[in-house]
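> fold the following, please.
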Amino acid sequence: MIARRSIHHSPQLGLILSTIAITAALICSSTSAKCLENERKALLKFGQGLVNHSNAFFSWKNHTDCCHWKGVKCNHTGHVIVLDLYQDLPILRGKIDVSSLLELRHLNYLDLSVNDFEIFQLPNSIDSLSQLKHLKLAYANLVGSIPHQLGNLSYLQTLDLSGNLNLTAINLDWLSSLSSLRSLNLSYVNLSKVVSWPQSISKLPSLLELQLDSCNLPDVSPRMLPLINSTSSLRVLQLNDNNLNSSIISWVVNVSKNLADIGLTRNQLKGALPDVFTSMVSLDKLTTLDLSNNLFGGPFPDLKNFPSLKNLFLSNNQLHGSVPESIGQLERLSLSSNSFRGVLTESHFANLSRLRSLYLSYNHLSLNLSSNWIPPFDQLEVLRLSSCNVGAAFPKWIQTLRNLTDLAIAEANISDSIPDCFSGSISSLFVTPLSWLEVLDLSNNSLSGELPNCWKQLDLNYLNLANNHFSGKLPASLGNSSSSDLNYLNLANNNFSGSILPIWNIIPQIQILNLRKNNFSGEIPSLQSCDKLQFLDLGDNKISGRIPECIGRQNPPTLAILHLQSNEFYGSIPSSLCNLQALRVLDLSRNNISGFIPQCFSNFSAMSFENVTISNLRRDPYEKSSLSTNVMWKGIDREFGANLQYLRSIDLSSNWLSGEIPKSITLLKLNTLNLSRNRLTGSIPDNFNPRSQLEALDLSRNQLSGRIPASFSGLTFIDNLDLSYNKLTGRIPSSTQLDGFNASVYLGNDDLCGPVLNKSCSGDDDKPDQVPDKTEGDADEDGFLSFGFYVSLAVGFVVGFWGACGSLIFQSSWRYRFFAFMARINDQIYVTTRVMKARSQRALGAGWYVVNS
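Here you go, the predicted structure:
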């Protein structure tokens, strides 16, 4: 029977073989065809301004046939049909001539994504590439408006313009002509003026995937919903980070019944979450739903009507109540940062055999699992249990998770120890079963003992053991990890001792290094490079020696936070620190540093601008809390977390610095400056910027002399000042801020005088110091004729005029009475004037008669 069927189908088999032969011939001919000369020249013109240090365009310069160039493909006639210059790293840089590509009339695939081109605009004549099916220009520095001529590309199936922050659109009406469009990605394009975006989307009959993240989308008007057509094709819908209100839910539910993936994170959605799930009951094909980072409340929703749901993200909302035992057969579940309460037992996880990631951090949950429990989710990759009460001992069941790459159990009340590398309770965490770990966060527990010497087996890029009771020396294997990607290391607030040499080998790759508040000693080893370092905190240890010059030799400079306070450093401040243009916080206080304060501190560019945040200092990406550090703020050791990126601070106090205060340091836009307890001499610089946001200034316990500069009167933000125990003289300048300080601020300066000290000034000092002359632009800033004066004048005129005249215009009875009254007054004035005139004339006449008689 089988033989007969084979014979019966032999003609079809021959046809298939013939087709294969023809296809092979076409492929062979396409590989042998040479590109056309005009198209080769067009490509050369397009790329002549590009720079690529990896020699990615070596073939463009050394091969005459452009069909063999990197990123270029031709058809069998030699026409270029594909130009794919999508780059990972290194990216392409330089200027491109997009208009030259218009010569490639047979081009059907164009991808210039993820490159650092000079800004360019899409030409209006882009529709001359009429054969285009795929146009991808994501993260390519596109600017201007999206040309509506894109609507003429009738064959277009993929359009990706995402990541171009300076690209805008006035409307999306042109989309209606793209009947073949299957994938549209305009994420990060400014669509704030496109009020009718839902109507435009509904006119795309073939659309399968829509991504409009971070587009500043206008809210959907509820009264417009009945006018919007639905589409049966849409499968993926991403509207994340748009601040949309809850009216979007009604549109999402009705836009397509075949939605499988919905992303609505980071919006302003609110209401009871169970009601939202009830409204979505028709979406029975839904596999992924992301409603995290919104304002939803209520208990955990019922998932029984969503049989296909695999991934559910509800973190960072206002959900409460208990977590039900039956939560479907999910693969990814995120409930972090809500208000769930209760105890999770083995029955909660019984049906989660497919679970790959679980986020339960920052709720009010406890885990009650038996010591010999084996979890059913053996494929779990991410486990976040921070702030959950897991018990005093480290959970043994975690050791069975052989695919775990991300483990965070911070603030979990663990008080275990690590006695040996291959024995004991949690020490086995570091052996082969968990050798795939990339992220490990055990911070803020009560773990103690020495670290095991088996870190070489791990492939970590993030390690946080801060705020525990670890002790002993750092193991040598910590600096010899098999990973070359360890970029975050936080060992702060422990009892480690000895040298930091074991981890100094990994400094060239480290971005965040925090060893604060331990007992480390010895000198900082020299190193070749620390170009990636953004955050370095070695404060509150016993580290000695000179500050290494290499810290300031970054190329490019990326270090934003430098804490070396409370150590035993000596020598002068290296001038190489002035190269750190990204530096925002410099703390060298409480050391034995001597010499002068470098004049070049003015090179700290990031401290010279008020509104520049630390763009290169990334947040802690693995848990809720942001990267934090401690700064002595107004006499208090204060922790800065979310606000760290706005801080600008210099603290050189409690050293042996001498010489004068550089004028350059007073020109920086600092929030706090502390130079106290040194041996500084000379006068206080008189160029403090009156527009500075300086809030705290401590120059106490030095040997400063001369007057307090009159420019102090312009420090309107200052609320913490200490000039005590110097040799200052003269009258204390007067201002609203300075007059509010008590006498202790000026204590120990015997020759100071003024009302604050209840000490009168004699001679020339009777005249208060003058505030520097204002510029012409500031002339009326504090005077009577201010902007507010003119506003008040205008408001008073309008209210007074219309209050009187308006009533006469609109009230006829008042108008009649008013003019009657005015008529009576006029008559009375006329009669009185005539009587007085007659009397005067009679008096003058009688006088004349007496004189002449």
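> please, where are all the helices along this structure?
When secondary structure is read from DSSP state H, the chain shows helices at 2-8, 10-32, 37-47, 58-62, 197-201, 247-255, 273-279, 501-504, 663-666, 787-810, 812-852.
> now the strands for the stretch 551-700 of the chain?
With strands called from DSSP state E, counting those that start in this stretch, the stretch 551-700 of the chain shows them at 561-563, 568-571, 585-587, 592-595, 629-633, 636-640, 649-651, 656-659, 672-674, 679-683, 696-698.
> roughly how far is the fourth one from the heart of the chain?
The chain centre lies 37 Å from the centre of strand 592-595; the measure is CA atoms, centre = their mean, to the nearest Å.
> buried ones in it, by neighbour count?
Going by neighbour count (16 or more other CB atoms under 10 Å), the buried part of strand 592-595 is residue 593. All C-beta atoms are positioned from the backbone trio N, CA, C, and that covers glycine.
> which elements pack onto it?
strand 568-571, strand 656-659 (3 or more CB pairs under 8 Å, 6 or more residues apart in numbering; DSSP states H and E).
> ok, residues contacting it?
547, 568-573, 652, 655-659 (CB atoms under 8 Å, 6 or more residues apart in numbering).
> can you put the residues you listed in TSV and add distance to residue 335 and pLDDT?
What follows is the contacts of strand 592-595, written out as TSV (distance: CB to CB, whole Å; pLDDT from 0 to 100):
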residue	distance to residue 335	pLDDT
547	46	90
568	47	96
569	46	96
570	52	95
571	53	95
572	54	95
573	49	94
652	47	96
655	50	97
656	55	97
657	53	96
658	58	96
659	58	95
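> now, the most widely separated pair of the residues you listed?
Between any two of these, the greatest separation by CB to CB is 22.3 Å, found for 568 and 659.
> residue 733 is in contact with residue 708, isn't it?
Yes - at 5.9 Å, residue 733 counts as touching residue 708 under the criterion of CB atoms under 8 Å.
> okay, those two: which has more neighbours?
Each of residue 733 and residue 708 has its neighbours counted (other CB atoms under 10 Å); residue 708 has more, 26 against 21.
> residues in contact with that one?
Taking CB under 8 Å, 6+ apart, one finds 684, 723, 728, 730, 732-733, 752, 769 in contact with residue 708.
> what pLDDT does it get?
pLDDT, residue 708: 93.
> find the nearest non-adjacent residue to residue 635, please.
Leaving aside its chain neighbours, residue 635 sits nearest to residue 720 (7.1 Å; criterion: CB to CB, 6 or more residues apart in numbering).
> I'd like the distance between the one you found and residue 585.
The gap separating residue 720 from residue 585 is 17 Å, by CB to CB, to the nearest Å.
> higher neighbour count, those two?
In terms of neighbours (other CB under 10 Å), residue 585 is the more surrounded of residue 720 and residue 585; the figures are 25 against 17.
> pretty sure that one contacts residue 631?
Yes - using CB under 8 Å, residue 585 makes contact with residue 631 at a distance of 6.5 Å.
> how many residues are close by residue 501?
Residue 501 is flanked by 16 other residues according to other CB under 10 Å.
> tell me where the stretch 251-400 of the chain has strands.
Per DSSP E, counting those that start in this stretch, the stretch 251-400 of the chain carries strands over the ranges 261-263, 270-272, 288-290, 295-298, 311-313, 318-321, 332-334, 339-344, 357-359, 364-367, 382-384.
> so which of those gets nearest residue 540?
Closest to residue 540 of the strands of the stretch 251-400 of the chain is strand 382-384 (CB to CB; 29.6 Å).
> which neighbouring elements make contact with the closest one?
strand 357-359, strand 406-408.
> show me the two of the contacts of residue 708 that sit farthest apart.
723 and 769 (14.4 Å).
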